[in-house]
Each structure stands twice: as structure tokens, then as C-alpha cells.
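Undergrad: need a 3D model of the sequence below.
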Amino acid sequence: TAAAVQALTALGGHDDTVKKAVGWLKSVQNEDGGWSSNPGGAMDGGTDANSTALVISALAAAGEKPAETKSKAGKSPYEALLSFQLGCAAEPAADRGAFAFQPVGGKLVANADATAAATLAGLGKGTAVVPSGTDTPATALACPAAAAADPAAGAAAAAQGGAGYLAEALKKDGHLTALTPGADQPAADIGNTADAVIALAAAGHKQSAAGALEWLKGNSAEWAKGSPAALGTLVLAAHATGTDPKSFGGTDLVAALNATGPAPQGADTGATEVEGEKKEPSGGQNLWWIIGAGAAAGMGIGILLSGRRKKNQL
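TA: Here you go, the predicted structure:
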């Protein structure tokens, strides 16, 4: 639902639907201020970083103030989200700044997928990231952490710590890896690598994401083939970094994404605003449609699903 809110907000013209969806999200907020992936369900494992981050991003996209969206117990989403961050006392030190999906045996375990989602949320952004001219190196979590003037500022500082963790994690192999159930050795994790690229770009660290972006160009074609979720994720990664999604490692991601679904609508509706950018119509491949479809489809691969399956993120 949070992913759909982001997509519909990016597309525009769905205010009533977005309002209803936001109202429902608020109605299932947990007492600790966060959200779970299956509220009230039999498999509800309680608040997790990924679900909480996605809802924060959705609230921000819809024009809400996450810090003021408090639970019945008076807890804000930021309080819940920051409870999952590995702080200055975490060992190994390389994990400091990362976020856990949920505690494992009472301990927070660094999870790159959760960190990517939390980084976006802390910055008040979703996956439809508008490319910016800012490009500074990502840095490690500042220790000791300075007291923030308000919850949003504290979340933004935490997000930069998360970005620092992601940048270091990408340096080892040029991409993220994960140990999937039943496997003996970690394997390349294309979906979460794309999520990390989006998060780093959102945090103003495109250069820190450059190596992983190039790796995605050369290694994601087969993985994404025929999958709207995978293709959507790559479109969003390309857009966030100012890369042409129509020429991504020799693949036209837009055409490939279009081919997986119904014909794009609204081709002749005129210029459309997308997060402050005015985009002129370009046939059946308007950028607003790409972002909207990508936001709805792309989050399925990385941020929403793999956090539940890949809790032993490396």
C-alpha cells in the first residue's frame, strides 16, 4: 500500500485514492510508531524497518509530516525506525550506521536492504528520486552522534550514516551479496544493489554509487528479463543517477518494461509535474509514467520482499 501511494502520488490525479490509502496506513500503525509487513495477520512479526521506512516515504510523498503521525502511545515513525539502526557501539565497526530488518535473537544484524529503505525514509524521499547536482562522498556514521534539533533532522543524519554503510558494503565486490536460504555461499544480490544505488543517489552520493551502477549495467539483463518488478527497479536506479534508462548496458529498460504490461496511458495529456520536474510528453514513454510504473513494480523486488527472505544480508 505504501508503494502504491508513492506511485500514485508520482503519477498525480489520484488524490482521493491516496488520501484513503494514507488513512488506512495510519490506522494500522503499531504502538511503537512503526509498521509491520502484515498488520494484524497471523504471520505478523511486529514492526520492521522495511515496512516502517516504506510508510514514512509514502507519508512524505503524500504531503504528510511523518514526525507528527504518532501512534496511540504517542510514538512517531522516526522513533520506531531509528530503533533499528546499529549505532556507535556496534561491532564490527563496519556495521555502524546500518539498519536491521528486525532484531535476531535480541540483536540488531546489519541488513543492506533495510538500510536502503531506511536511508530513503530518513531523507523524506521515496524511490522516485529526482537526480540532483549534489555529489559528495558518503561517510561513516558520525560518532558520537550529535543531538538533533527535531526528529526529522535526526532521521536525516541517521540516513547519511546508512548511506555510509551502503557505500562501504558496495566497495568489497562492486555489488551487494546475500546468503539465500539453502545456499552455502553468498551470491550477487542484484535487486538490493539497485536499491542501494537509489538510496546513495538520494543522499547526494552518486559517485559512491557509480561502480555499482556500472556493475548493474553489465550484469542485470538476464535477471530483469520479463520481470516488471526488476525492470522497474532498474529504471528507478537509472533515473536517480541521471542515467538514460533507454540505454542501460545495451538494454532499453523502458521498452522492456512497457512490453510486460498494458499500453502506457496518457501519452497525449501534455506536460506533467514529477517531484518538481516538468516533463514534456514523449509518445508512449513519458517519464511520469516510467516513474509511476517503476515505483509500483520496482519496490517488489528489493525493498519489500527480500528483507523478509534475506535477513542474513552480507
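Undergrad: all contacts plus neighbour counts: C-alpha atoms, from now on.
TA: OK.
Undergrad: tell me the contacts of Gly106?
TA: Counting by Cα atoms under 8 Å, 6 or more residues apart in numbering, Gly106 touches no other residue.
Undergrad: distance-wise, check it relative to Phe84.
TA: Per Cα to Cα, to the nearest Å, Gly106 is found 11 Å from Phe84.
Undergrad: tell me how far the residue sitting nearest the centre point of the chain lies from Asp252.
TA: Centroid-nearest residue in the chain, with Cα atoms, centre = their mean: Ala117, separated by 3.8 Å. The spacing between Ala117 and Asp252, counted by Cα to Cα, is 26 Å.
Undergrad: likewise Asp95?
TA: Distance from Asp95 to Asp252, by Cα to Cα: 36 Å.
Undergrad: which outside residues touch stretch 203-220?
TA: Counting by Cα under 8 Å, 6+ apart, 119-120, 123, 132-138, 159-160, 163, 167, 170, 174-175, 190, 193-194, 196-197, 200-201, 237, 241, 248-250 sit against stretch 203-220.
Undergrad: may I have that stretch as PDB, with CA atoms only?
TA: In PDB, the C-alpha atoms belonging to stretch 203-220 read as follows (Å, rounded to 0.1, in the frame of the first residue of the first chain):
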ATOM      1  CA  ALA A 203      21.600  11.000  -0.300                       C
ATOM      2  CA  GLY A 204      23.700  13.000  -2.700                       C
ATOM      3  CA  HIS A 205      26.400  10.400  -3.200                       C
ATOM      4  CA  LYS A 206      26.200   9.500  -6.900                       C
ATOM      5  CA  GLN A 207      30.000   8.900  -7.100                       C
ATOM      6  CA  SER A 208      29.800   6.400  -4.300                       C
ATOM      7  CA  ALA A 209      27.100   4.500  -6.300                       C
ATOM      8  CA  ALA A 210      28.900   4.800  -9.700                       C
ATOM      9  CA  GLY A 211      30.800   1.500  -9.500                       C
ATOM     10  CA  ALA A 212      27.600  -0.400  -8.600                       C
ATOM     11  CA  LEU A 213      25.700   1.300 -11.300                       C
ATOM     12  CA  GLU A 214      28.200   0.200 -13.900                       C
ATOM     13  CA  TRP A 215      28.100  -3.300 -12.500                       C
ATOM     14  CA  LEU A 216      24.300  -3.300 -12.800                       C
ATOM     15  CA  LYS A 217      24.600  -2.300 -16.400                       C
ATOM     16  CA  GLY A 218      26.700  -5.300 -17.200                       C
ATOM     17  CA  ASN A 219      25.000  -7.900 -15.000                       C
ATOM     18  CA  SER A 220      21.300  -7.200 -14.700                       C
END
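Undergrad: in it, what's buried?
TA: Neighbour counts over stretch 203-220 (16 or more other Cα atoms under 10 Å) mark 203-213, 215-217, 220 as buried.
Undergrad: so of those, which ones are in helices?
TA: Lys206, Gln207, Ser208, Ala209, Ala210, Gly211, Ala212, Leu213, Trp215, Leu216, Lys217 (DSSP state H).
Undergrad: can you map out the helices along the stretch 151-300 of the chain?
TA: Per DSSP state H, counting those that start in this stretch, the stretch 151-300 of the chain carries helices over the ranges 151-173, 190-202, 206-219, 221-224, 228-240, 253-258, 287-299.
Undergrad: next up, phi/psi of the residue nearest to the centre of the chain, please.
TA: phi -60, psi -40 (degrees, to the nearest 10).
Undergrad: just checking, what packs against the helix or strand hosting Leu81?
TA: Assessed by DSSP states H and E, Leu81 sits inside helix 77-82. Helix 77-82 is packed against helix 49-61, helix 151-173, with contacts defined by 3 or more Cα pairs under 8 Å, 6 or more residues apart in numbering; DSSP states H and E.
Undergrad: what's the offset of it from the middle of its chain?
TA: When distances are taken as Cα atoms, centre = their mean, to the nearest Å, helix 77-82 is centred 16 Å away from the chain's centroid.
Undergrad: next one: stretch 50-66
TA: How far stretch 50-66 lies from its chain's middle: 11 Å, per Cα atoms, centre = their mean.
Undergrad: and the average pLDDT for it is what?
TA: Per-region confidence: stretch 50-66 scores 97 on mean pLDDT.
Undergrad: likewise stretch 200-213?
TA: Computed over stretch 200-213, the average pLDDT equals 96.
Undergrad: now stretch 176-195
TA: Stretch 176-195 comes out at a mean pLDDT of 92.
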